[in-house]
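> Test case, fold it:
(2 chains)
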Amino acid sequence: MSNGENAAVMDIPRLGEPALRPVSPSGIDVPTSVTDPGGVADDASRIGLPGEFPFTRGIFPDGYQGRLWTIRQYSGFGTAEESNERYKFLLAQGQTGLSVALDLPTQCGFDPTHPMARPEIGKVGVSLSNLSEAEILFDGLDLSKISTSFTINGTAAIIYAMYLAVADKQNVPRSKLTGTIQNDILKEYVARGTWIFPVRPSMRLIADTILYSNEVSPRFNPISIAGAHVRDAGATAAEEMAYTLANGLAYVDELRARGGDVEKFARRLSFFFYVHMDFFDEIAKFRAGRRLWARFMKERYEAKDARAQHFRFGVVCGGSSLVAPQPYNNVVRVAVETMAAVLGGAQSIFTCAFDEAFQIPTEFSAELAVRTQQIIAYESGIGRTVDPLGGSYFLEQHTDRMEQKILEVMAEIDAYGGVVRAIEDGWIQLRLAERGLDRKLNTDSGLNVIVGQNHFKKVDEEIRVGEVFTLDPTVAQRALEKFQRVLETRQQSAVDQALAKLAAAAARDDENVMPYLVDCCHAYATVGEMVACLKKHWGEFKEPVNL
Amino acid sequence: MSTLQATAALAGKRILIGKPGLDGHDIGAKIIALTLRNAGAEVIYTGLRRSPMQIAQVAIDEGVDAVGLSILSGSHKELVGDVITVLRERGAHDVKVFVGGTIPAEDQPYLRELGVAGVFTADMPLERVVAQLAECLS
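Residues are numbered from 1 along each chain as shown, chains lettered A, B, ... in the order given. Here you go, the predicted model:
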C-alpha cells in the first residue's frame, strides 16, 4: 500500500495502546490463561438443560427455534398522526411489535395546556393526552394482531386504560390484547424521573394494574421491571440486575399482600435491560438473573408452575454505550450488543440507531438498526442452537461470579431496609450518582476504552452525519388545537361523573381503580384530569435531594 | 478506579445546578454537582421538574455566581431562554448561565445569542468543564 492510499489511517494518532485488563466492568476477575481443561461438569442445580429449572440456559427447550425474539423498535414522536404513519412504515419493514414512546407531559401527567408541558409537547414521544389521540395513533392497526409496548410508568395505569378503551372502540376483545406497559415506578425514583405519587400509593396503583390485567387481558404484560435506566446512568451489569431483581421482589410482596396468586401474576411479570459492550458480562448477567429469579419464585414464594418461575426479558442495545464522535462506529457496537442479547436469551430486542447519541433517528438510521437484528437473526446462525455457549468453562464461571456479585448488592439493599425505604431516603439515588461519576472519570482518563472518543481519535474530527431529523415546529400548536376541540365536544357531565367515581375508588384501599380509569378514558377525561384527581388523595412524591 | 481529586479551582464560588422542565434524566446534573463541589464550589442542586421561574428565583435568592442547566429532552431552546429572561428581568445581570445535556452543535450559536456562557456535552472531560467554569467565573 502506498502512503497516499493509507492517508486516512495515517491521521489516527496512537495515544498509547490501551491495555486489556483482566477484570470485567462489573468488577469480576477473569482468567488470563486457560487453567481448566475445558468444559464444566454439568451441575444440574446450577446449569441444567434449556427449558428446565433453574433455566440458566434459557426458558424454552428449543431456544429461538420455536419462536424468534421480537424485533421491537422504540418509536413515536410529534403528533399521533405522524407516529401512526411511522408505525405503518416500521411494520412494512418487517418489525413485529410496536413500541410507543410518549412525550414528557403524558409521562408526567400534565395536559398540553399546563405551563410545564408547553415546551415539551411531542418532543421525546407522542402526546397522548386523551382517548381521541390514542384512536388516531392506532388507526388502521388491528390491536388483536400487533403487540404494543408502551414505555410509560407514572401514568402507566392511565395509558393501559386508554389502550383497553381503544380496543373496545375497535371491537377487539380485551382478552386478545398483547403487549407491555413498563409500569415500573421504583426505578423512576432512582433513574428516570417520571414519578408522580409517593412510593407507597404508587405501589398500590401498580398492583391494581397487574391484578386487573391478569383478569381482563391475560396475554398482556402489565409490568416490565426495568434495570435499563439505572444501567445507563452508571450502574454496572451486576448492579443493574441486582436493583431490578430487588424491585421485582418488592412488587411480588405487594401483590401477595393484596391477595394476588403468585401462580397467576408471576407468569406475566417481565423484565427489561440494557446491553452494553462487555460481551461476557452481558451474557452472564442474563443467565445469572434467570437462574436467581427462578430460585426466588420457586423457593421463596413457592411458585410451582414453571411459567411463574420464568424470567422473560426484553433488552435495548446501545444507549450510553453509543457516542457522538465517529458515529458510524455505533453500528458495530449495536451489532456486538445484539449478539450478546441473543446469546443471553432475550425475548425481545430493541436496537438503537447509530445517531441516537445526538438526535432523533432518521428513517435511514432506524432502518439500519432493524437490519442489524435481521442479519444476526437470519444470516449469522447464532440463534439456531439454544444457549450455544452453555457449558463453556469461562462462561459458566463468569455466570457464577456474576450471580455472587448480584447477591452481594441485593444483600446491601436488604441491610439498609429494603428498596422502598432505600428509595424514599434517596440512598440508592446517591449510590447511583457516585457510580455515574466513577464511570465518567474512568472514561475521561481513558481507562474505559471508547474507540473514537478517548482512544484512536481522528485529528480535527467534526461530528457530523449526513441527514438530520427535524421535528415539525407546529407539533405543539396542532396538539393544543386538537386538545381544545376534545374539551369542547365531549360531554362534560359524563367526565365529571367518571372522575368522581375514580376519586371515590382512590380513597379506598380495597378498591381497584382500573375499571374507573377505563370509564374516565371512554368519557374523554384527560390524562391531566385523572392524575390531578388521584394526586388529591395520594399526594405527590417529594424527591430527596441529598448529594 | 479513578477518584476525583479535590481541588480549589472553584473555591468561593456558588453555583446552582438546575433541571428545568419535565426531563427526568438527572445523572449528568448530579455528576456535575459532585464534580464542582470537589473543585471547591458551593453547589445547590434543585432536583427534578423545576420551572424556569423557580430556578431563576432560587439563583437570585441564593446569590449564585453561575447557573448550570441540564436538559436532555430537546427543549433546551425554550427552557434556557425562559430562565435567562427571568434572571435578567429581575436584575441578575451578572449570573453566568451554562447548559449541559444533549445539545446539538447547530443549536449552540442560538444559545450563545441568548447569553449562555458555555455549553457542556456528555463527552467533555470533567477537568475541562471545571477549567472552563473557573476561567469564566474568575
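> Can you tell me which residues in the stretch 1-150 of chain A are near chain B?
A:104-105, A:107-108, A:110, A:115-120, A:123-124 (CB under 8 Å from any CB of the partner chain). Glycine gets a C-beta too; all of them are placed from N, C-alpha and C.
> Now that we have the residues you listed, which of them are buried?
For the residues of the stretch 1-150 of chain A next to chain B, a burial check counting by 16 or more other CB atoms under 10 Å in any protein chain shown picks out A:104-105, A:107-108, A:110, A:116-120, A:123-124.
> Pipe those into JSON lines and attach pLDDT per row.
Shown next, in JSON lines, are these (pLDDT from 0 to 100):
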{"residue": "A:L104", "pLDDT": "95"}
{"residue": "A:P105", "pLDDT": "97"}
{"residue": "A:Q107", "pLDDT": "97"}
{"residue": "A:C108", "pLDDT": "98"}
{"residue": "A:F110", "pLDDT": "98"}
{"residue": "A:M116", "pLDDT": "95"}
{"residue": "A:A117", "pLDDT": "95"}
{"residue": "A:R118", "pLDDT": "91"}
{"residue": "A:P119", "pLDDT": "90"}
{"residue": "A:E120", "pLDDT": "92"}
{"residue": "A:K123", "pLDDT": "85"}
{"residue": "A:V124", "pLDDT": "82"}
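> Quick one: mark the members of the residues you listed that sit in helices.
Those of those mapping onto helices are A:104-105, A:107-108, per DSSP state H.
> Which strands and helices lie in contact with the helix or strand where A:M402 lies?
Applying DSSP states H and E as the criterion places A:M402 in helix A:393-416. In terms of contacts (3 or more CB pairs under 8 Å, 6 or more residues apart in numbering or on different chains; DSSP states H and E), helix A:393-416 is packed against helix A:237-257, helix A:279-295, helix A:419-424.
> any idea of the mean pLDDT for the last one?
In this model, helix A:419-424 has an average pLDDT of 96.
> Using CSV, list the CA coordinates for that helix.
Extracted C-alpha coordinates of helix A:419-424, given in CSV (Å, rounded to 0.1, in the frame of the first residue of the first chain):
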residue,chain,number,x,y,z
VAL,A,419,-35.8,-1.0,48.3
VAL,A,420,-38.8,1.1,49.2
ARG,A,421,-37.1,2.7,52.2
ALA,A,422,-33.8,3.0,50.3
ILE,A,423,-35.6,4.9,47.6
GLU,A,424,-37.6,7.1,49.9
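> buried residues in it?
A:419-420, A:422-424.
> Those into a markdown table, with extra columns for distance to B:D123?
What follows is the buried residues of helix A:419-424, written out as a markdown table (distance: CB to CB, whole Å):
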| residue | distance to B:D123 |
| --- | --- |
| A:V419 | 32 |
| A:V420 | 36 |
| A:A422 | 31 |
| A:I423 | 30 |
| A:E424 | 34 |
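> got the contact list for B:T102?
By CB atoms under 8 Å, 6 or more residues apart in numbering or on different chains, the residues touching B:T102 are A:358, B:71-72, B:74, B:121-122.
> And those residues, which of them are buried?
Here, 16+ other CB under 10 Å leaves A:358, B:71-72, B:74, B:121-122 buried among the contacts of B:T102.
> now, which of those lie within strands?
Of these, the ones assigned to strands by DSSP state E are B:71, B:121.
> Give me the neighbour count for A:A507.
11 (other CB atoms under 10 Å in any protein chain shown).
> Return the helix or strand in the chain with minimum mean pLDDT.
All of this is about chain A. Here the helix or strand of chain A ranked lowest by mean pLDDT, DSSP states H and E is helix A:7-10, holding a mean of 41.
> The intended chain is chain B.
None of the helices or strands of chain B scores lower by mean pLDDT, DSSP H and E than strand B:118-121, at a mean of 93.
> Counting by contacts, list what that strand packs against.
So strand B:118-121, by 3+ CB pairs under 8 Å, 6+ apart, packs with strand B:96-101, helix B:108-114, helix B:126-137.
> Sounds good, over and out.
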